[in-house]
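Enquirer: Got a sequence here, can you model it:
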Amino acid sequence: MLKEFEREPFEDLLDCGCGTGPMTSLLHKRWPNRRYTGLGLTPKMIEVARAKACANVRFVVGDCEDIPFEDSSFDVAICSMSFHHYPNPQDFFDSVSRVLRPGGKLVLNDSTGNALMVWFINHAELPLANLLHKGDVRIYSRKKIERMRQESRLTLEVFRNDRLWHLHAVMRKPRTV
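Expert: Numbers count the residues shown, from 1 in each chain. Presented below is the predicted three-dimensional model:
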């Protein structure tokens, strides 16, 4: 993910599903003069993130499927290993598209796989994990992610399925809408 930010400057970054803030902290350490916002649904995790007290960083309790910020507020949105927790993923894509500035990008990292792997995880592994209250909803195939991305009017720049199960995608809001 860091390579994405070395290629292109940014000023305002939104970390969707930030948890306790590990990605935001890592990015802040690398680029301390940028502005960062972490957004997460769990107040206790946001409390832990806030305790890290970094300059130019704020952590907000909120829903990534209904992002509570003004239109065109961010140059970049990241979503690292939280997308599979969202019950309404199209709402996430639409909300991210709305808060990105024209030309802004979404960097999405999560789990995916071929059709058999996606089926197995969604029908066997995640139901078992949810017996332990993990909160996982589902993982998505490239085809499904492509449909959601298109619906939210984001263009695809990169889609990699690394290490059999890892998804890395970069999508961009058009410069003119």
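
Enquirer: rest of the way, CA atoms for contacts and neighbours
Expert: OK.

Enquirer: could you pull out the helices for the chain?
Expert: Across the chain, reading from the start of the chain, the helices by DSSP state H fall at 2-7, 22-30, 43-50, 89-99, 115-120, 126-131, 142-151.

Enquirer: Among the ones you listed, show me which one is buried the most.
Expert: helix 89-99 (a mean of 21; mean count of other Cα atoms under 10 Å).

Enquirer: measure residue 160 to residue 118 for me?
Expert: Taking Cα to Cα, to the nearest Å as the measure, residue 160 falls 15 Å from residue 118.

Enquirer: I should have written residue 97 there, sorry.
Expert: If you measure residue 97 against residue 118 using Cα to Cα, the figure is 25 Å.

Enquirer: returning to that earlier point: next, format the helices of the chain as TSV and append distance to residue 64 and mean pLDDT.
Expert: Listed next are the helices of the chain as TSV, based on distance: least, Cα to Cα, whole Å; pLDDT from 0 to 100:
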stretch	distance to residue 64	mean pLDDT
helix 2-7	21	82
helix 22-30	16	93
helix 43-50	14	96
helix 89-99	6	97
helix 115-120	23	73
helix 126-131	20	73
helix 142-151	15	92
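
Enquirer: With distance to residue 65 added, can I get those helices in TSV?
Expert: Output for the helices of the chain, formatted as TSV (distance: least, Cα to Cα, whole Å):
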stretch	distance to residue 65
helix 2-7	24
helix 22-30	19
helix 43-50	16
helix 89-99	4
helix 115-120	22
helix 126-131	21
helix 142-151	13
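
Enquirer: Tell me which of these lies nearest to residue 173.
Expert: Proximity of the helices of the chain to residue 173 was assessed by Cα to Cα; the nearest stretch is helix 89-99, lying at 6.4 Å.
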